[in-house]
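Participant: any chance you can model this:
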Amino acid sequence: MQSTWRGSHRWISRLDRYLVRHVSDLPGGNHDAFFRRLSASANHGKLWIAAAAAMAAFPGRPRRAALHGLIAQAVASAVTNVVFKTLLPRARPLPEHLPVFRFVHPQPTSSSMPSGHSASAVAFAVGAGLVQPVIGAALAPVAAGVAYSRVHTGAHWPSDVFFGSALGACAALLTRTWWPVRPPFPDVARTWTTAPELPGGLGLSIVVNTLGGSFTEETATALQGVFPDAHINSVHPDQDLLREIRHAAEHPGTRALGVWGGDGTVGAAAAAAVEHSLPLLVLPGGTLNHFARDAGTGSLKEAVAAASKGEAALADVGIVTVERGLAGSPEMAQLTMLNTSSVGLYPNFVRRREQLQPALGKPLAGVVAMFRTFAAGTPSTLTIDGRRHKVWIAYVGRGRYYPRDHAPLFRPVMDDGVLDVRMITADESFARLRLLWSVLTGTVATSRITHLSEATRVRIDAGGSPMALAVDGEALAGVRSVEYTVRRRALAYYSPQPR
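Facilitator: Numbers count the residues shown, from 1 in each chain. Predicted structure coming up:
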């Protein structure tokens, strides 16, 4: 076998020298400077980073092509320079092999086998082309030019370029499932219903939580300006929020309940609205208000328009039954869930993602937040619907959320009758490495550690160690068990109809 390898190696060397002699015999001219500059422009991937930046200026497939190209290039460069250049040491062409005016100076000192420039060029072009073939076709001549320039300038033997190009193509194919394009979200769908028209806010009682993150002294004044006939109650920190919400729902002449605040405040108002058979007007406000976004009242203008015209729809509500306290004397409580609930590290992940999102955008903020959260976090041991798991995250959404991965963001249907159940488990071997790798490659949704399902009832038991539970952003400690169910179309909420 060793003699066969040596014979093959000699055959490759003879072919390399034969091809280099033909390149050396080419007459000099402007093309020498062109290939020298083209080769230099690809140093450290500068050419491909610039190309990716230009492609990223166009949203959609060009931007996705740029991302996949850079991922493939990074993998190809790492494998070529860290692995194969160490395993396959080889001397580069000597000055006597090419005319001095053509020979690159200074010549690289690393191993000639394989060509890193060629690997990066082909990886970027093929990687981008797998997403957007037109872009790949446009990049192909540039990548071929960079690969050839390494032979033309004496930086590599032809076989180095061929091997590097093959590595680049393999890297592009290997990474084609990393950070896949998310399927389009379904269209928004509503089950419309009738609700009182509230011109000027007549018949509307609004509760304003002054502890909401975006509250200012002008908030109540602004609400009174757009709803001059509404009853508005600003609840201060020394007041009982739940009691004030009940009082607002029972205020004489109230035909609809309005709420300004975060997710927890909106959930409490929804419970009161269902109890008193009132439609709910969710106003944009508070630290987070996911229901207002999903309901289509993410701006005050939209909320006023829906209330004035009596445009409303129906939503399911989640019923969360919580057991706390000692096993012999448990304390039971029932909560209303409009959005999401979670156990484990998910609240920490969401908090970090929201903090990073303004600077990094949603996708990158999600990746960084996942790394920070799970690099040092520990899984919890829980029994979920009778099965024992080690769990990083147990997440339950009231309704089917999108995208279908670790970072649900959008809920197009408010009355689909299901609980969106997502778990990221640590049951598998090398659980932390699996998790971090899937985050790095954007394959959390397809990883073996991720479990996606839908149900109408879910039960989670903490066992001997009580767990921390979050329901619509409100945290509860010392929880021994929790059970989720769905009440179909129990809540009427104001939502502007599409024009």
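
Participant: what does stretch 238-248 rub up against?
Facilitator: Applying C-beta atoms under 8 Å, 6 or more residues apart in numbering, the contact partners of stretch 238-248 are 205-207, 209, 231, 233, 235, 254, 257, 259, 265, 268-269, 272. Where C-beta positions appear, they are placed from N, C-alpha and C, glycine not excepted.

Participant: just the buried ones among those residues, please.
Facilitator: Buried members of the contacts of stretch 238-248, counted by 16 or more other C-beta atoms under 10 Å: 205-207, 209, 231, 235, 254, 257, 259, 265, 268-269, 272.

Participant: which one of those residues is nearest to Ser112?
Facilitator: Thr265 (66.7 Å; C-beta to C-beta).

Participant: how is the closest one classified with respect to secondary structure?
Facilitator: Remark: Thr265 carries the secondary structure label helix [criterion: DSSP: H, G, I helix; E, B strand; the rest coil].

Participant: number of residues surrounding Phe185?
Facilitator: As a burial measure, Phe185 scores 13 neighbours (other C-beta atoms under 10 Å).

Participant: which residues touch it?
Facilitator: With C-beta under 8 Å, 6+ apart, Phe185 has these contacts: 402-403, 410, 412.

Participant: tell me the least confident of those?
Facilitator: Lowest pLDDT among the contacts of Phe185: Pro403, with 84.

Participant: for the closest residue to that residue other than its chain neighbours, give its distance to Ala445.
Facilitator: When the adjacent residues along the chain are set aside, Pro403 lies closest to Arg182, with 4.8 Å between them (C-beta to C-beta, 6 or more residues apart in numbering). Shown here: Arg182 relative to Ala445, a distance of 9 Å by C-beta to C-beta, to the nearest Å.

Participant: for the two, list the residues in contact with both.
Facilitator: With C-beta under 8 Å, 6+ apart, Arg182 and Ala445 have common neighbours 403, 405.

Participant: mind listing which of the contacts of stretch 238-248 are in strands?
Facilitator: 205-207, 209, 231, 233, 235, 257, 259 (DSSP state E).

Participant: hmm, which two among those are most spread apart?
Facilitator: The span of the ones in strands among the contacts of stretch 238-248, defined through C-beta to C-beta, is set by Asn209 and His231 at 15.7 Å.

Participant: TSV for the buried ones among the contacts of stretch 238-248, including distance to Leu452 and pLDDT?
Facilitator: Formatted as TSV, the buried ones among the contacts of stretch 238-248 follow (distance: C-beta to C-beta, whole Å; pLDDT from 0 to 100):
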residue	distance to Leu452	pLDDT
Ser205	40	97
Ile206	38	95
Val207	36	95
Asn209	34	91
His231	44	95
Val235	38	91
Thr254	41	97
Leu257	35	98
Val259	31	95
Thr265	30	92
Ala268	30	93
Ala269	30	96
Ala272	33	96
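
Participant: just the closest of the residues you listed to Arg387, please.
Facilitator: Ala268 (32.6 Å).

Participant: correct me, but the closest one touches Thr336?
Facilitator: Yes - counting by C-beta atoms under 8 Å, Ala268 does reach Thr336; the two are 7.4 Å apart.
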